[in-house]
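Trainee: sequence and predicted model, in that order:
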Amino acid sequence: MTLDPRALLRQLYDVAVARALPGQVLASQLPPPPKGRTLVLGAGKAGGAMVQALEAAWPAEAPMSGLVITRYGHIPGGWRPRRIELVEAAHPVPDAVGLAASERLLALTAGLTARDLVIGLISGGGSALLSLPAPGLSLADKQAVNRALLASGAAIHEMNCVRKHLSAIKGGRLAAACAPARVLTIAISDVPGDDPAVIASGPTVADATTCADALAICRRYRIELPPAARAGLESGDFETPKPGDERLAGHEFVMLATPRMSLEAAADAARAQGLAAHVLSDEIEGESRIVGGVHAALARAVARHGEPFARPCVILSGGETTVTVDGSRPAGRGGRATEFLLGCALALQGEPGVYGLAADTDGIDGVGPHAGALLTPTSLARARALGLNPQALLDAHDSASFFEPLGDLLVPGPTHTNVNDFRALLVI
């Protein structure tokens, strides 16, 4: 079989991203216009593309208005909304622009009636973008807690449990504010397990977690809470709307795209090239470098022993890994995708015939301009020839500085969607 491993892996990533774009599938999920108003509210990295798809599909004669918050630079180029306001704000740490937009977004729910329809456009990244602190908390308080959570190694469902309890809009509070209007949430999942209550901290979904759960998570990861936050959690004053809350009765939730859908699309594309394709899971979590080592062990077993899969094949996985920064040294450039791949490279030690790609489907790995990177059997040797110390770079969480001199960073720019981590190992 003659193939270009790098081109194939990039093709699989592009296919996975394309499957998660809302333009082709959102129209089929829309109800007819209501007798009253149609109000569109939302937040997330895919917000721009979701608004674009909604405006294209909604009848021109049917009134529609609203506000959606997305990340800076994540509005599709050359297009601007006509009926729905789009605001760009900071991610992953919220800023004053996001705070002001969230205040205005919540205010739009005033005066809704049972004749009205609220369409929620929710996607990954919404937790930071939809930032409205609980009473008594400041934006600085939220920023400090968010930074601590991001560096702690906490899983996404743990981070969002804390975030929603320190919020005046997440954890079902936005949906409660919309009562008695009907609410239809259209979501793109970026979380392992696709739990609607975890995606963007579930602003339109009842929350089964508690203030006590949030406190336990903060203790587990040694998150220092501002006094007002601790008091609100300990007293239960920051409790969220729970399942069965009558204000959320009759609300609908539609999953537009998920990590599994994208991985299956990539698998089909690999099979069309004559390769066997295996999807391990779309729910893999854990420390990025360790997950990288586990994937390397699997790829090596395939390369050396033809087990558990015969080669040539592609091994695919998704989910959301973590990078724990202990604070003992400044963290370098990188993100969970490149850290996964550098951990994988060190475990493989140049294993012949094994290639890899790991990237975030939103086009941004952490805070850098890259989405991820490519790995070849010669990556370690090329890096060492340039005087790089791969283990030292991994220890410093500086994985981008490993792949960048090799020309192997993947920089697609914002993709206008987000179904989280995409990983592909090709064994030939």
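Mentor: Alright, I've got the coordinates.
Trainee: show me what the longest strand along the chain is packed up against.
Mentor: As assigned by DSSP state E, the longest strand anywhere in the chain is strand 276-287. The helices and strands touching strand 276-287, judged by 3 or more C-beta pairs under 8 Å, 6 or more residues apart in numbering; DSSP states H and E, are helix 259-272, strand 313-322. Quick note: C-beta positions are derived from backbone N, CA and C, even for glycine.
Trainee: mean confidence for the shortest one?
Mentor: So that's strand 313-322. What strand 313-322 shows for mean pLDDT is 96.
Trainee: for the following helix or strand past that strand, buried residues please.
Mentor: Per DSSP states H and E, strand 313-322 leads on to helix 336-348 as the next helix or strand towards the C-terminus. If you call a residue buried by 16 or more other C-beta atoms under 10 Å, then helix 336-348 has these buried ones: 336-348.
Trainee: quick one, what contacts V205?
Mentor: Counting by C-beta atoms under 8 Å, 6 or more residues apart in numbering, V205 touches 172, 175, 185, 196-197, 248, 253.
Trainee: and those residues, which is closest to G66?
Mentor: Taking C-beta to C-beta as the measure, G66 lies nearest T185 of the contacts of V205, at 13.3 Å.
Trainee: quick one: low-confidence parts of the stretch 301-428 of the chain?
Mentor: The stretch 301-428 of the chain contains residues with pLDDT under 70 at 327-331.
Trainee: what segments of it are helices?
Mentor: 336-348, 379-385, 390-395, 400-403 (DSSP state H, counting those that start in this stretch).
Trainee: can I get those in TSV including distance to P226?
Mentor: TSV is the format used below for those (distance: least, C-beta to C-beta, whole Å):
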stretch	distance to P226
helix 336-348	27
helix 379-385	43
helix 390-395	32
helix 400-403	32
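Trainee: select, out of these, the one closest to A144.
Mentor: The nearest among these, by C-beta to C-beta, is helix 336-348 at 21.7 Å.
Trainee: for S201, find the nearest of the helices and strands packed on strand 276-287.
Mentor: Nearest of these (C-beta to C-beta): strand 313-322, 14.1 Å.
Trainee: tell me what angle that closest one forms with helix 259-272.
Mentor: 160 degrees (axes from the mean of the first three to the mean of the last three C-alpha atoms, to 10 degrees).
Trainee: may I have strand 313-322 as CSV, with CA atoms only?
Mentor: Output of strand 313-322 as CSV, limited to C-alpha atoms (Å, rounded to 0.1, in the frame of the first residue of the first chain):
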residue,chain,number,x,y,z
CYS,A,313,-4.5,0.3,10.6
VAL,A,314,-5.6,3.6,12.1
ILE,A,315,-6.3,3.8,15.8
LEU,A,316,-8.6,6.7,16.8
SER,A,317,-9.6,8.2,20.1
GLY,A,318,-11.2,11.3,21.6
GLY,A,319,-12.1,12.8,24.9
GLU,A,320,-10.4,15.5,27.0
THR,A,321,-7.1,14.9,28.7
THR,A,322,-5.5,17.2,31.2
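Trainee: is G42 in a helix, a strand, or coil?
Mentor: Look at G42: counting by DSSP: H, G, I helix; E, B strand; the rest coil, its state is strand.
Trainee: what's the mean pLDDT across the longest strand of the chain?
Mentor: On average, strand 276-287 scores 96.
Trainee: and if you look at stretch 180-200?
Mentor: Across stretch 180-200, the average pLDDT comes to 96.
Trainee: ends of that stretch, what's the gap?
Mentor: Counting by C-alpha to C-alpha, to the nearest Å, you get 23 Å between the two ends of stretch 180-200.
Trainee: how far does it sit from the chain's center?
Mentor: 12 Å (C-alpha atoms, centre = their mean, to the nearest Å).
Trainee: and it, which residues are buried?
Mentor: 181-192, 194, 196-200.
Trainee: got the helices and strands packed on strand 276-287 as CSV, with mean neighbour count columns?
Mentor: Below are the helices and strands packed on strand 276-287 laid out as CSV (neighbours: other C-beta atoms under 10 Å):
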stretch, mean neighbour count
helix 259-272, 20
strand 313-322, 24
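Trainee: mind checking which of those is nearest R423?
Mentor: strand 313-322 (4.8 Å).
Trainee: partners of that closest one in the sheet?
Mentor: Applying DSSP bridges, strand 313-322 is found paired with strand 276-287 (parallel), strand 421-427 (antiparallel).
Trainee: single out the most deeply packed of those strands.
Mentor: Of those, the one with the most neighbours on average (mean count of other C-beta atoms under 10 Å) is strand 421-427, at a mean of 27.
Trainee: please save the CA atoms from stretch 151-171 in PDB.
Mentor: These are the backbone C-alpha positions of stretch 151-171, laid out as PDB (Å, rounded to 0.1, in the frame of the first residue of the first chain):
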ATOM      1  CA  ALA A 151      -3.800  24.200  36.200                       C
ATOM      2  CA  SER A 152      -5.100  21.600  38.700                       C
ATOM      3  CA  GLY A 153      -5.600  18.600  36.500                       C
ATOM      4  CA  ALA A 154      -9.300  18.400  37.300                       C
ATOM      5  CA  ALA A 155     -11.500  16.600  34.800                       C
ATOM      6  CA  ILE A 156     -13.900  18.800  32.800                       C
ATOM      7  CA  HIS A 157     -17.000  17.600  34.700                       C
ATOM      8  CA  GLU A 158     -15.300  18.600  37.900                       C
ATOM      9  CA  MET A 159     -14.300  22.000  36.700                       C
ATOM     10  CA  ASN A 160     -17.800  22.700  35.400                       C
ATOM     11  CA  CYS A 161     -19.400  21.600  38.600                       C
ATOM     12  CA  VAL A 162     -17.500  24.300  40.400                       C
ATOM     13  CA  ARG A 163     -18.000  26.900  37.600                       C
ATOM     14  CA  LYS A 164     -21.800  26.400  37.500                       C
ATOM     15  CA  HIS A 165     -22.100  26.800  41.300                       C
ATOM     16  CA  LEU A 166     -20.200  30.100  41.200                       C
ATOM     17  CA  SER A 167     -22.300  31.400  38.400                       C
ATOM     18  CA  ALA A 168     -25.500  33.400  38.100                       C
ATOM     19  CA  ILE A 169     -26.300  32.000  34.600                       C
ATOM     20  CA  LYS A 170     -25.000  28.500  34.200                       C
ATOM     21  CA  GLY A 171     -26.200  25.200  35.800                       C
END
